[in-house]
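**Q** please work out how this folds:
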Amino acid sequence: MFQRENSPPGANVPGREPAALPGPFAVVVFDSADEDYFISHYDLVRAGEVPMTPGPSGLPFPLHDIAVRLAQSSVISIASVRGRARGSGAEFIVSCDMSFASREKAILGHWEVGAGAVPGAGGIERLSALVGRSRALEIIIGCEDFDADTAERYGWINRSLPDAELDRFVDTLATRISSFNHDAITTAKALVNKRTHGVPSGADLIEDITEFSRLAALPDAQARIGFLLKQGLQQRSDVELHLGRYLADLGAKIS
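**A** Just a heads-up that it's a prediction; the model follows:
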């Protein structure tokens, strides 16, 4: 059996528990009810409200906690991506075991460096493992938006699929996996995690969020973020739809 879960739409933090599942499931599929946004990015306005008490994984930042628990879970997690997935949205995707995206509607990106910070929720480690050093630097430091076909070619996602075929493909795969022996599934996942170092170290993750917080508090980042908020960041706006484009000359606009 498998379960679909709506990811938080818009500019939300995916650091929440999936809804309680009514029975034993082999696969959980995360998608979004908003076709423009899978998970837009970390909520910068409410960042101070995020609890920093250690979760069940022992890590204090909710985004780290949920990602580590997904990786270590006996359940196979699949991201079915439509719309924008930037920053922590992109980090959530790579924390899932597999990801598939709409060719026409999915947009992935990391924008943190363009705003004066760095990815803080494990994207540096997981993205680098998937795409390699050079492409990780292009994505993280270049801060452009990427379509699904490019993301597939880079190894960022499993596959780019026509939007009309995405749901059927993911549901078929989830049903197929769910029909297999659960012990074999969990053992295979645990062995792949071990061989590929699939779970970043707690020390690395804590360093990421520490550096994100340090940089985001500096005057340059505050000026960049403040300008973007005035332009419509974290609202349903052209800035959110085309954030990569707005970052290109941001430095000149705030100088």
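
**Q** and residue 177, how many neighbours?
**A** For residue 177, the neighbour count with other CB atoms under 10 Å is 17. Using the backbone N, CA and C atoms, a C-beta is placed for each residue, glycine as well.

**Q** which SSE is immediately downstream of the lowest-mean-pLDDT helix or strand in the chain?
**A** Taking mean pLDDT, DSSP states H and E as the measure, the helix or strand of the chain with the lowest value is strand 2-6, at a mean of 64. Downstream of strand 2-6, the first helix or strand assigned by DSSP states H and E is strand 27-31.

**Q** Provide the secondary structure category for the closest residue to residue 232 other than its chain neighbours.
**A** Nearest residue to residue 232, sequence neighbours excluded (CB to CB, 6 or more residues apart in numbering): residue 239, at 4.2 Å. What DSSP: H, G, I helix; E, B strand; the rest coil gives for residue 239 is helix.

**Q** and if you look at residue 223?
**A** Under three-state DSSP, the three-state class of residue 223 is helix.

**Q** that one reaches residue 254, doesn't it?
**A** Yes: using CB atoms under 8 Å, residue 223 is in contact with residue 254, at 4.7 Å.

**Q** am I right that residue 160 is in a helix?
**A** No: secondary structure of residue 160 (three-state DSSP): strand, not part of a helix.

**Q** how far away is it from residue 179?
**A** 26 Å (CB to CB, to the nearest Å).

**Q** and if you look at residue 148?
**A** 28 Å.

**Q** same deal with residue 238?
**A** For residue 238, the distance to residue 179 - CB to CB - is 45 Å.

**Q** okay, the two: which has more neighbours?
**A** residue 238 (12 against 9).

**Q** phi, psi for the closest residue to that one other than its chain neighbours please.
**A** Excluding the flanking residues, the one nearest residue 238 by CB to CB, 6+ apart is residue 232, at 6.6 Å. Main-chain torsions, residue 232, degrees, to the nearest 10: phi 120, psi 10.

**Q** check contacts around residue 232.
**A** For residue 232, the contacting residues are 238-240, taking CB atoms under 8 Å, 6 or more residues apart in numbering as the criterion.

**Q** count of residues packed around residue 187?
**A** Neighbour count of residue 187, defined by other CB under 10 Å: 12.

**Q** and the contacts of the helix or strand hosting it?
**A** Per DSSP H and E: residue 187 is located in helix 182-196. Helix 182-196 has contacts (CB under 8 Å, 6+ apart) with 24, 26, 71-72, 74, 76, 97, 129, 177, 198-199.
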